[in-house]
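Undergrad: predicted model follows, preceded by the sequence.
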Amino acid sequence: QIARAFGLRVVGVASQGKKDFVESLGAVHVPSGPGWDERARAAAPDGVDAVYDLVGGEVLTQAAGLLADRTKLITAGAPQQDVEALGGSRVVRARTAAVLDALADLVVRGDLDPHVTRTFPLERAGEALRGVEDGHARGKAVIEVAG
């Protein structure tokens, strides 16, 4: 959504079951699984300018093959040494007021929907975290703290 807000064309690789979700975010859906990289190449006939990987492993290696400039390979799903060996880097998180303000602005403008799918009271925070850690969440879990 952030890339789309800045006018970029986004290709999202995900299971067929997440096709509608990926498209609702403004991305072109490419089914995951064997041959995904060729399907991504076909979906981006003008080439792939950057890759943001959340999986790592063989998927990261295949994704690197889509890029002419491997410095544009960014991962949150692989160890630093794995992505550096391919010429890329890991995500660098900047949790600053300026970044949070920019994100809030995107939400206010309607360019970013955080997709809150579940809300939990503080006493169920453990349940919320387990749901996020399983890696298959489609949205955000919010933990409510009574004021």
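TA: Arrived safely. Numbering: from 1, shown residues only.

Undergrad: buried sites along the top helix by length along the chain?
TA: Longest helix of the chain, by residue count under DSSP state H: helix 97-109. Within helix 97-109, the residues that qualify as buried by neighbour count (16 or more other C-beta atoms under 10 Å) are residue 106. No exception for glycine: its C-beta is placed from N, CA and C like everyone else's.

Undergrad: quick one: terminal-to-terminal distance for stretch 84-98?
TA: Terminal residues of stretch 84-98 lie 28 Å apart, using C-alpha to C-alpha, to the nearest Å.

Undergrad: show me how far the least confident helix or strand in the chain by mean pLDDT is from its chain's centre.
TA: Confidence across the helices and strands of the chain bottoms out at helix 125-133, with a mean of 88, counting by mean pLDDT, DSSP states H and E. Centroid displacement of helix 125-133 relative to its chain, using C-alpha atoms, centre = their mean, to the nearest Å, is 19 Å.

Undergrad: contact partners of that helix?
TA: If you take C-beta atoms under 8 Å, 6 or more residues apart in numbering as the criterion, helix 125-133 is touched by 118, 120, 137, 141-143.

Undergrad: what's the longest helix of the chain packed up against?
TA: Judged by 3 or more C-beta pairs under 8 Å, 6 or more residues apart in numbering; DSSP states H and E, helix 97-109 is in contact with helix 2-5.
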